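# attaching a predicted model along with its sequence, questions to come.
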Amino acid sequence: MQNTVKKAIFPVAGLGTRFLPATKSIPKEIMTLVDRPLIQYAVDEAHAAGIEEFIFVTSRGKGALEDHFDRAPELEATLERKGKTGLLEALRSTNLDSGAIATVRQRQALGLGHAVWCARHLIGDEPFAVLLPDDVIAADTPCLRQMAEAHAETGGNMMAAMEVAPDQASSYGILDVPLGMSPTLPVTGMVEKPAPGTQPSNLAVIGRYILTPRVMHHLGEIAPGAGGEIQLTDAIAREIEVTGNVYGYRFRGERFDCGSKAGFLRATLAFGLARDDLGDALEDYMYQLIAQRRAAE
């Protein structure tokens, strides 16, 4: 079967208050992980999965997100004139075709489900992906591409999942799935932030989804959930009840929570160490820093 998922929603309306004052004047999604903004990692991952239409759910002050994927003729001309072909290629790789990006406003902060629902008219009757840019995933095969290949076989709805330690389960949405080592597992239920010791499995949902348009219908009907917000997990839970056509996908790769400062720093180190042009120098510095700290103790 061929991948039929061509549209992706990027909820980017948040204020990024955990990163103030850096986010006072720039969107959090423009903050750079090594030398690429967070949103670039998410868009590149979607593009590798065959996504052709990129839908940003934004709020006031997010214009830099669109600008980042637009052409910069003066900068391109300067780099070309100076013969900096490597930088020119890197710059042009961020350009998206005219019409590839669409934006819709989330005028009230009513949760992730509401943000996804704001894009309903652009989705229509097609399956769609949702990517949360805060979740950056290092993988040989991009996570969404893995999911798209699995979804081509199963159809329905799919959520990326990773194994978490029992003492971390209360921080995630946890899937109720049968025991097994298969990467694709049917979901019979979901528990949002279960009390310690009550989690149905060790598989936690992270910010990658492939969903049917029925989920949009559910989002338009469900009442606000936790925190008075429209929860995407509540709409998916209803889809489990109605059709049962929901799967968890245990992806291959490492996820970094770049919505927290500690997670952002861990990602910076991991991606920096993986770079041929930066890894050796960064590793040497880390060893020196650790040695100095131990000597000072």
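On my side now, so go ahead.
# hang on, T103 packs against G63?
No - counting by C-beta atoms under 8 Å, T103 sits too far from G63 to count as a contact (9.1 Å). In short, each C-beta sits where N, CA and C put it, glycine included.
# between those two, which has more neighbouring residues?
Neighbours were counted for T103 and for G63 using other C-beta atoms under 10 Å; T103 has more, 17 against 11.
# so who does the closest residue to that one other than its chain neighbours touch?
Nearest residue to T103, sequence neighbours excluded (C-beta to C-beta, 6 or more residues apart in numbering): F56, at 4.6 Å. Contact analysis of F56 by C-beta atoms under 8 Å, 6 or more residues apart in numbering lists F10, V12, K62, L65, E66, I101, A102, T103, V104.
# where do the helices sit along the chain?
For the chain, applying DSSP state H gives helices covering 38-48, 63-68, 73-81, 85-92, 112-117, 120-123, 143-154, 213-221, 232-242, 261-273, 279-296.
# highest average neighbour count across the ones you listed?
Stretch with highest mean neighbour count among the helices of the chain: helix 112-117 (a mean of 24; mean count of other C-beta atoms under 10 Å).
# quick one: the strands in the stretch 101-250 of the chain?
Along the stretch 101-250 of the chain, counting by DSSP state E, counting those that start in this stretch, strands occupy 101-105, 128-131, 135-138, 157-163, 173-176, 184-186, 189-192, 203-211, 246-250.
# can you flag the weakest of those by average pLDDT?
Looking at the strands of the stretch 101-250 of the chain, the lowest mean pLDDT belongs to strand 189-192 (a mean of 85).
# straight-line length of stretch 178-195, end to end?
Using C-alpha to C-alpha, to the nearest Å, the end-to-end distance of stretch 178-195 comes out at 20 Å.
# any idea how far the closest residue to G124 other than its chain neighbours lies from P127?
Once flanking residues are discounted, G124 sits nearest to P213: 7.0 Å by C-beta to C-beta, 6+ apart. Per C-beta to C-beta, to the nearest Å, P213 is found 7 Å from P127.
# please apply the same query to T58.
T58 sits 23 Å away from P127, going by C-beta to C-beta.
# and for G156?
When C-beta to C-beta is the yardstick, G156 and P127 sit 9 Å from each other.
# these two: which has the busier surroundings?
Remark: of G156 and P127, P127 carries more neighbours, 22 against 18, as counted by other C-beta under 10 Å.
# tell me the contacts of the more buried one?
P127 neighbours (C-beta under 8 Å, 6+ apart): T4, V5, H151, I210, L211, T212, P213.
# repeat for E254
Counting by C-beta under 8 Å, 6+ apart, E254 makes contact with I137, A138, A139, A270.
# give me phi/psi at the residue nearest the centre of the chain?
The chain has L132 as the residue nearest its centroid, 2.9 Å off, counting by C-alpha atoms, centre = their mean. Main-chain torsions, L132, degrees, to the nearest 10: phi -100, psi 110.
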